[in-house]
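**Q** Here is a sequence together with a model predicted from it:
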Amino acid sequence: MSDHGLELASFGRRLGAQLIDLVWLLPLSILLGTIGALLNGGELSAAGEAMANIIGALIVLIFWVDRQATPGKLVLGLRIIDAETGLPPRFGRLVLRYIGYLVSALPLCLGYLWMLWDGRKQAWHDKMGGTLVVVDRDSRWGRR
């Protein structure tokens, strides 16, 4: 299925991108948490944990703004677009999309699985942010 003349990303490809992102995000989170704990005398405070989460979120948002994708999406030839225009999403939409990750995960990850039944292959965070994930034909991995 396509939208804006582009191929919508499959569940498998999106899951693969998430797993690739986990490879770099998990060690980053552990590092940020460790730094926060060291700065707090060996214990991770709620404020330190919040700062680690905010820094991680900002890194993901920077990738989304600059590349329309995280490293995992880049490797698998995917990018995020505005569902209405097909253009790069505005920053506000990307922030809503990121917040939507939390919403998607809450009810047993149903929000992530939702794309399996959605006509535009949107997970809940895509719907919240007004975005689509598409195959990037210009990337090395997106070409057939």
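**A** Looks like it came in fine. Numbers count the residues shown, from 1 in each chain.

**Q** Can you list the low-confidence ranges for this structure?
**A** 1-2, 140-144 (pLDDT under 70).

**Q** what's the following helix or strand after the longest helix along the chain?
**A** Longest helix of the chain, by residue count under DSSP state H: helix 11-39. Counting by DSSP states H and E, the element after helix 11-39 in chain order, helix or strand, is helix 46-67.

**Q** Could you pull out the buried residues of that following helix?
**A** 48, 51-52, 60-61, 63-64 (16 or more other C-beta atoms under 10 Å). The way it works is simple: take the backbone N, C-alpha and C, and place the C-beta from them, glycine included.

**Q** distance from the centroid: which residue in this protein tops it?
**A** Gly41 (32.7 Å; C-alpha atoms, centre = their mean).

**Q** quick one: it from Met51, how far?
**A** 16 Å (C-beta to C-beta, to the nearest Å).

**Q** Look up phi and psi at Leu78.
**A** Phi and psi for Leu78, reported as degrees, to the nearest 10, are phi -120, psi 160.

**Q** got it, and the one 4 residues further on?
**A** In this entry, Asp82 is assigned phi and psi values of phi -70, psi 130 (degrees, to the nearest 10).

**Q** count of neighbours near it?
**A** 18 (other C-beta atoms under 10 Å).

**Q** next one: Gly72
**A** Counted by other C-beta under 10 Å, the residues lying close to Gly72 total 22.

**Q** Apart from its neighbours in sequence, what residue is nearest Asp21?
**A** Among residues not flanking Asp21 along the chain, Gly72 sits closest, at 3.9 Å (C-beta to C-beta, 6 or more residues apart in numbering).
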